[in-house]
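Participant: Provided below for reference: sequence and predicted model.
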Amino acid sequence: MADQPGGVEHFNRTIGALPDSVATMQRHAPAAYAAYLAARENVYRDPPAGNLDRATTELIFIVLDVVAGHEEGALAHAEAGVRAGLTVGQITEALMIAVLINGHAPWGKTGYKVVEHAARVAGQSST
């Protein structure tokens with residue numbers, strides 16, 4: 001694990017901050033946090049060490065967080081995704097695929113907020 005024991009640098013680099021939920025894990029379940037950090041660092045390997053570019057990794061996180069109803073994570077990954085080169089259109093289209101599979105509920109609860117946030121981050125006017 002590159003930046004143990006804290007791992008905060010990894011989160012700052014990938015999504016901009018250490019989420020409260022992860023900070024709590026770090027304090028109260030340090031062994032679980034260490035395993036989580038190691039898995040996360042593995043997933044965030046850019047090519048050629050990893051197989052997915054950063055934008056694709058972030059897009060997958062966005063969709064999975066929306067489907068799971070994890071708004072905080074979806075918003076953070078949307079911001080990171082835009083920084084990695086994702087367009088608002090790409091994020092929206094991926095979430096429309098999720099609507100086809102999972103129905104409207106995840107979109108209505110979290111998805112539309114993620115698209116609006118991505119639009120703001122990208123400097124696009126939000127309606």
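Facilitator: Sure, I can see it.
Participant: now the helices: where do they sit in this protein?
Facilitator: For the chain, the helices defined by DSSP state H cover 8-15, 20-28, 30-43, 54-68, 71-83, 88-102, 105-106, 112-121.
Participant: most tightly surrounded among those?
Facilitator: Most buried of these by mean neighbour count (mean count of other Cβ atoms under 10 Å) is helix 71-83; its value is a mean of 22. For glycine as for every other residue, the C-beta is placed from the backbone atoms N, C-alpha and C.
Participant: from Met25, how far out is Ala34?
Facilitator: Ala34 sits 10 Å away from Met25, going by Cβ to Cβ, to the nearest Å.
Participant: run a quick neighbour tally on Pro86.
Facilitator: Quick fix: residue 86 reads Leu, not Pro. Leu86 has 23 neighbours, counted by other Cβ atoms under 10 Å.
Participant: OK, contacts around it?
Facilitator: Residues near Leu86 by Cβ atoms under 8 Å, 6 or more residues apart in numbering: Ala55, Glu58, Leu59, Ala78, Ala118.
Participant: dump the helices of the chain to TSV, plus mean pLDDT.
Facilitator: Putting the helices of the chain into TSV (pLDDT from 0 to 100) gives the following:
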stretch	mean pLDDT
helix 8-15	94
helix 20-28	95
helix 30-43	96
helix 54-68	98
helix 71-83	97
helix 88-102	98
helix 105-106	97
helix 112-121	98
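Participant: centroid residue for this protein?
Facilitator: His77 (2.7 Å; Cα atoms, centre = their mean).
Participant: quick one: that one and Phe11 touch, right?
Facilitator: No. Look at His77 against Phe11 with Cβ atoms under 8 Å: they stay out of range, at 11.8 Å.
Participant: quick check: pLDDT value at Ala2.
Facilitator: Ala2 carries a pLDDT value of 43.
Participant: repeat for Ser125
Facilitator: We have a pLDDT of 73 for Ser125.
Participant: which ones are touching Ala74?
Facilitator: Taking Cβ under 8 Å, 6+ apart, one finds Phe61, Ile62, Asp65, Val66, Thr110, Gly111, Lys113, Val114 in contact with Ala74.
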